[in-house]
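S.K.: the following block contains a protein sequence and its predicted model.
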Amino acid sequence: MKYVLIVSLLFVFKVNAVPEDVINDVITIDATLVIGAELAFPNPRNVRPIQSDFELINSVLMSNEVGDRWAVVTVRNNASGSRALQEKHLMGLLGNGERVSPESFTVNLSAKEILSTTVFFGRYKFPLLTIITRE
């Protein structure tokens with residue numbers, strides 16, 4: 001009887017076990033900074049996104065156990081005509097002060113349109129702290 005119970009329990013654990021690589025790939029929402037928190041990392045090379053008509057309304061920072069950094073960004077096109085939001089319009093600030101651009105993407109927005117999109121910033125040891133745009 002004990003043998004059947006042990007084998008049954010092992011079978012249940014084996015069937016319900018999730019492979020570690022799948023667990024490490026699961027994207028979760030990161031804890032966010034206090035609203036209005038000011039970060040003042042030095043930027044001696046003056047690295048910043050290009051100036052645009054896009055206003056960052058909101059961002060939700062996400063990552064997984066292996067260091068992939070993602071963000072859902074909500075932007076408004078403040079121009080009177082349509083514009084294409086691209087990687088050069090956004091920048092991420094990492095926990096070590098490094099500024100990084102997201103991988104290549106293009107999203108078209110009509111005049112005054114507000115849109116959310118998910119962008120990938122790459123794999124880094126340090127977390128994304130904030131997303132930067134430049135109006």
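M.R.: Nice, I can see it.

S.K.: and residue 14, what pLDDT?
M.R.: Confidence at residue 14, expressed as pLDDT, is 45.

S.K.: nope, residue 108 is what I meant
M.R.: 98.

S.K.: is it correct that it is in contact with residue 84?
M.R.: Yes - if you go by C-beta atoms under 8 Å, residue 108 and residue 84 touch, sitting 5.3 Å apart. Just so you know, the C-beta spots here come from the backbone N, C-alpha and C atoms, and that holds for glycine as well.

S.K.: list the contacts of residue 75.
M.R.: 54-57, 85, 109, 114-115, 117, 133 (C-beta atoms under 8 Å, 6 or more residues apart in numbering).

S.K.: where in this protein is pLDDT low?
M.R.: Along the chain, segments meeting pLDDT under 70 span 1-23, 33-36.

S.K.: could you pull out the strands in it for me?
M.R.: Listed in chain order, the strands of the chain (DSSP state E) span 28-29, 54-63, 68-77, 83-86, 91-94, 99-100, 106-109, 114-123, 128-132.

S.K.: do you know which of those lies nearest residue 44?
M.R.: strand 99-100 (11.3 Å; C-beta to C-beta).

S.K.: and the closest one, what does it pack onto?
M.R.: strand 91-94 (3 or more C-beta pairs under 8 Å, 6 or more residues apart in numbering; DSSP states H and E).
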